[in-house]
Each structure stands twice: as C-alpha cells, then as structure tokens.
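Student: got a predicted structure plus its sequence, pasted below:
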Amino acid sequence: MPAPVIKKVLRVSISMSLFTFIIMVPALIWGNVYSCEVITVKVFLTVTAVNLLSYTTRWNDITNSLKRVHFPDMFIFVLDITIKYIVMLGDLVLNMLYALKLRSVGKSRSKYGSLSGVAGTAYIKSQEMAVEMYHAMECRGFEGEYRVFVRGHFKWTDAAYLLLYAGITALFIFYASM
C-alpha cells in the first residue's frame, strides 16, 4: 500500500481508539481496567480492518467474492442495493440541507418544519428511485442471479492481505475471549 494510504488508515484508527479511551476513562477510574483496554483495542482493530478493506477493495470485488463463496443471490442483491442507495440518499439529503442552510437568513422558528420537509422529500425520492430501479432491472433482464467473471489468479499480494486480515481477526478473537 502507498504510504499516504497507510497514514490515513492509521490516523483514523488511532484517533478513534483515542476517542474510545477518553470515553472509557470513567471505567478506568472506577477500576475496570480490563474493559477499557479490551474495548479500545477492539475499536482499533475493527476500524483498521474496515479501513484496509475500504481502501484496497472495490465494491464490485466484494460482491464477486460473496458469489464465489456461494452466498445466496438475494443476500448479495439486498446488500449491494442497500449500500448504493444509502450513499445516494445520503448525498441527496446532504445537498438538500446545504440548500436549506443557504436559503435560511436570520433566525427561523420553524426549523423542525424545514427538517420534516427534507425528510419527506427524501422519502418520496427513495420511493421514486426504487420504482425506477425495478423498471430498469426488469428492462435489462435481471432475474435475481449474480454472475461471477473471473479476471485474475491468486497472487502473493493476495496471500499477504489474507494473512494480514487473519492476524487482525485473530487479535480481535483473542481480545474478545479475555
């Protein structure tokens, strides 16, 4: 991995672990050292694993690998569509909130009315997007089956990533069993 990516991963992991440690200080003061240590290490390992996966793997590769290990097609479909639509709706709501903020001048007493309008619009847009997606998939002939296209072979870098993830998982299980 390039050095800037490693820096980003470690920066986020360490900052989240530090935040968790600060939150756990009252438990540490009351003598529960074990919980403070284990939860802080678990947060570090989990955030590191998720960030490594996020920076090194494309989403299409994840769905392909799930299909290769024989996950049900419906599970892959729901996971795939859910993640994509959460991102799209999050972007829509964020843009609507920016627009609302830019239009708001001075003090407003109907802030909850504005937020409920954003939520209602997001709900209507999600319904429209669901119908459009259904029609588009129907037109393309999608029958609920994912197909896997093999592009490459297992390389030594794949083995290195596999060992790294196995090590992180082993540390996580070790600290979970303590």
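Tutor: Alright, I've got the coordinates.
Student: quick one: buried residues of whichever helix or strand D158 is part of?
Tutor: Element membership for D158, per DSSP states H and E: helix 156-176. Burial within helix 156-176, assessed by neighbour count using 16 or more other CB atoms under 10 Å, is assigned to Y161, I168, L171, F172, Y175. C-beta coordinates here come from the backbone N, C-alpha and C atoms, glycine included.
Student: cool, stretch 12-21 as well?
Tutor: In terms of neighbour count (16+ other CB under 10 Å), stretch 12-21 has its buried residues at S13, M16, S17, T20, F21.
Student: for the last one, which non-adjacent residue is spatially closest?
Tutor: The spatially closest residue to F21, leaving aside those adjacent along the chain, is T40, at 4.8 Å (CB to CB, 6 or more residues apart in numbering).
Student: does that neighbour touch T20 like I think?
Tutor: Yes - counting by CB atoms under 8 Å, T40 touches T20, with 5.0 Å between them.
Student: would you map out the domains in the protein?
Tutor: Per automatic domain parsing, the structural domains of the chain span 3-56+154-176, 72-139.
Student: report the mean per-residue pLDDT for the last one.
Tutor: Averaged across domain 72-139, the pLDDT comes to 82.
Student: repeat that for stretch 47-56.
Tutor: 89.
Student: contacting residues around that stretch?
Tutor: Contact partners of stretch 47-56, identified using CB atoms under 8 Å, 6 or more residues apart in numbering, comprise 1, 5, 8-10, 12-13, 16-17, 161, 164-165, 168-169, 172.
Student: pull out the buried positions in it.
Tutor: Taking 16+ other CB under 10 Å as the basis for neighbour counts, the residues of stretch 47-56 that come out buried are V47, T48, A49, N51, L52.
Student: stretch 31-46 now?
Tutor: So, applying 16+ other CB under 10 Å, buried residues of stretch 31-46: C36, I39, T40, V41, K42, V43, F44, L45.
Student: return the item of those residues having minimum pLDDT.
Tutor: Sorting the buried residues of stretch 31-46 by pLDDT puts C36 at the bottom of the list (87).
Student: what does that residue show for phi and psi?
Tutor: phi -60, psi -50 (degrees, to the nearest 10).
Student: and the one 10 residues further on, by the same measure?
Tutor: Backbone geometry at T46, expressed as degrees, to the nearest 10, gives phi -70, psi -50.
Student: try the one 4 residues further on
Tutor: Backbone torsions for V50, taken as degrees, to the nearest 10, come to phi -70, psi -40.
Student: measure it to I76 for me?
Tutor: 19 Å (CB to CB, to the nearest Å).
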